[in-house]
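> curious how this folds, go ahead:
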Amino acid sequence: MKKIILLFSVLMLLVVSCEKDSDNIIDEEQVSEDLICEDCGIEVTKDNSRLSEYEQDVVINSVTGKTSKNTGVSKSSKVNGIRLRLKAIVDPLYVTHKGQEVLLNANHVAVKNRRVAASYSLVGEPYSGGVDVISVPRNGFPSLEGTLILPDRDVDAVDFSDDNHLLLGGGFDAQVYYGGDHPSFLGRYQINYNKNTDVFSLKEEDIFHSIFGNKLRSIKTIEGVITGSGGGNSGVIYAFNEETNTIIQHNSAETEGLFILDTSVELDNNEYKFVALAFNNDTKELQAFYYDISKETDVMLFSYVVSLGTFNNINIEAKHSATAIKKDWLAVSLGSDGIAVFNIRTDSSENKTAFLVQQIKEEILDSNEPDDVVNSFVFESGVFYVAAGGAGFYLIEYDYQRNKLKTDFSHVDFGEGDSVNGVAISGEDLVIASTKGISIYKASGMKI
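Predicted structure coming up:
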């Protein structure tokens with residue numbers, strides 16, 4: 001972990017302050033000069049035929065969960081009012097790899113300030129990845145700005161640090177790039193779309209190799225903090241203070257040897273805790289590690305760890321999600337075991353214990369369908385937006401008074417052979433990644 005500390009001191013330039021959403025993604029005065037990405041190993045292409053425009057209302061089905069009358073779970077009011085309108089679909093990305101045309105799998109999506117990034121990777125070995133950058137105007141249809149092709153690298157994590165900077169990371173072929181036992185990378189790129197010439201360009205500002213295990217697993221922004229983790233059982237976790245543009249350091253070794261499935265940030269009265277969802281693949285124990293974060297001193301110190309139980313069906317290579325709903329309440333995805341809500345309780349001796357309060361499985365997944373799994377979710381304004389693999393897409397409201405997921409759901413069926421991998425939302429822009437491409441929606445009627 002000492003190597004991570006050294007990296008953190010270098011990465012302080014990675015994060016820039018958050019800017020408010022604006023209708024104009026790019027300032028007209030900014031597009032006069034294209035960027036140059038020398039020796040970054042990225043090809044910029046564009047195939048407008050991959051994007052199809054729609055103006056189509058989405059059929060949302062109501063599903064009543066299998067619960068008894070005494071569960072105390074109220075009916076949903078928020079999700080019943082949400083309406084989705086399909087604006088565009090971006091077809092899957094095909095690339096030429098070693099002389100053959102191969103299909104890349106859409107996995108992660110991010111949306112910020114009316115701009116979408118979608119990452120792709122090649123299933124299995126060897127490596128090959130890509131990123132689509134798409135603009136989503138308030139009025140009109142989304143448009144493809146450009147596609148980044150990264151031969152010999154998978155892109156397993158993507159996010160925006162601001163309107164003009166893209167963060168992406170994953171794994172790489174150690175036979176092509178120097179990497180030793182830790183073939184991972186994180187890159188920060190300045191991006192620019194010249195609307196006058198219809199040219200998308202980028203410039204590599206920072207690149208880091210061989211730090212995050214066998215890949216960089218995740219990047220996401222929560223409560224003004226960019227968090228993430230490495231791949232494999234490296235146990236690597238990291239966080240940035242986006243408000244002060246400084247690194248929040250992690251210099252202990254509690255998570256070494258564990259698979260970090262996802263990270264989150266818990267906020268309580270302006271006090272922050274970094275949460276790491278960790279899995280021991282030998283014992284099948286799922287744990288939540290909590291760290292105190294100080295935004296004044298930019299230090300992340302180990303606080304406590306709780307066991308969430310033993311889960312034999314968790315796939316360490318699949319996507320997973322964790323979110324700190326509020327202080328002492330944690331929701332996690334369990335793959336084929338659905339979604340669970342845990343309460344962290346403290347006894348008189350200050351010992352912490354996690355209690356399983358609710359698990360939703362049969363209500364949303366068909367145990368006879370192996371592709372029915374909760375791949376990931378995002379939690380926004382009291383609603384879980386759930387990517388459920390072959391089971392499609394769910395909207396599930398959280399009941400803050402009873403601290404349970406409401407069991408009247410809204411469901412979108414993606415059809416036979418399509419599996420929902422990832423989801424992102426910002427304002428009214430909702431983006432879903434599935435095996436058949438990227439779907440971009442306008443979500444209206446949400447109660448904040």
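> what number of residues lie near residue 415?
Residues lying near residue 415 (other Cβ atoms under 10 Å) number 9. Using the backbone N, CA and C atoms, a C-beta is placed for each residue, glycine as well.
> any weak-confidence spans in the chain?
Along the chain, the model assigns pLDDT under 70 to residues 1-32, 65-76, 125, 179, 242-247, 295-297, 446-448.
> helices of the stretch 1-150 of the chain, start to end?
Assigned by DSSP state H, counting those that start in this stretch, the helices in the stretch 1-150 of the chain fall at 2-10.
> residue ranges for the strands of it, please.
43-45, 51-57, 61-64, 83-90, 93-97, 100-112, 115-121, 128-135, 143-151 (DSSP state E, counting those that start in this stretch).
> of those, which is nearest residue 288?
Nearest to residue 288, of all those, is strand 100-112, at 22.2 Å by Cβ to Cβ.
> show me what that closest one is packed up against.
The contact analysis (3 or more Cβ pairs under 8 Å, 6 or more residues apart in numbering; DSSP states H and E) places strand 100-112 against strand 93-97, strand 115-121, strand 128-135, strand 157-162, strand 420-426, strand 429-434, strand 437-444.
> coming back round to it: including mean neighbour count and distance to residue 187, could the strands of the stretch 1-150 of the chain go into a markdown table?
Below are the strands of the stretch 1-150 of the chain laid out as a markdown table (neighbours: other Cβ atoms under 10 Å; distance: least, Cβ to Cβ, whole Å):
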| stretch | mean neighbour count | distance to residue 187 |
| --- | --- | --- |
| strand 43-45 | 14 | 14 |
| strand 51-57 | 13 | 25 |
| strand 61-64 | 12 | 41 |
| strand 83-90 | 19 | 22 |
| strand 93-97 | 17 | 18 |
| strand 100-112 | 20 | 14 |
| strand 115-121 | 26 | 12 |
| strand 128-135 | 24 | 10 |
| strand 143-151 | 21 | 9 |
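> reformat those as CSV; add distance to residue 226.
Output for those, formatted as CSV (distance: least, Cβ to Cβ, whole Å):
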stretch, distance to residue 226
strand 43-45, 25
strand 51-57, 28
strand 61-64, 35
strand 83-90, 25
strand 93-97, 26
strand 100-112, 11
strand 115-121, 14
strand 128-135, 17
strand 143-151, 20
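> these: which one's closest to residue 267?
Closest to residue 267 of the strands of the stretch 1-150 of the chain is strand 100-112 (Cβ to Cβ; 19.7 Å).
> partners of that closest one in the sheet?
Sheet pairing of strand 100-112 (DSSP bridges) gives strand 93-97 (antiparallel), strand 115-121 (antiparallel).
> angle of the shortest one against strand 437-444?
Just to be clear, that refers to strand 93-97. Relative orientation of strand 93-97 versus strand 437-444 (axes from the mean of the first three to the mean of the last three Cα atoms, to 10 degrees): 150 degrees.
> okay, strand 93-97 in PDB with CA atoms only?
The C-alpha trace of strand 93-97 is given here as PDB (Å, rounded to 0.1, in the frame of the first residue of the first chain):
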ATOM      1  CA  LEU A  93     -19.100  -1.500 -30.900                       C
ATOM      2  CA  TYR A  94     -17.300  -3.800 -33.300                       C
ATOM      3  CA  VAL A  95     -13.500  -3.400 -33.700                       C
ATOM      4  CA  THR A  96     -10.800  -5.200 -35.700                       C
ATOM      5  CA  HIS A  97      -8.700  -7.200 -33.400                       C
END
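> how far out from the middle of the chain is it?
23 Å (Cα atoms, centre = their mean, to the nearest Å).
> what sits up against that strand?
Identification of contacts with strand 93-97 by Cβ atoms under 8 Å, 6 or more residues apart in numbering yields 50, 101-104, 106, 120, 122, 126, 128, 130, 132, 147, 149, 151.
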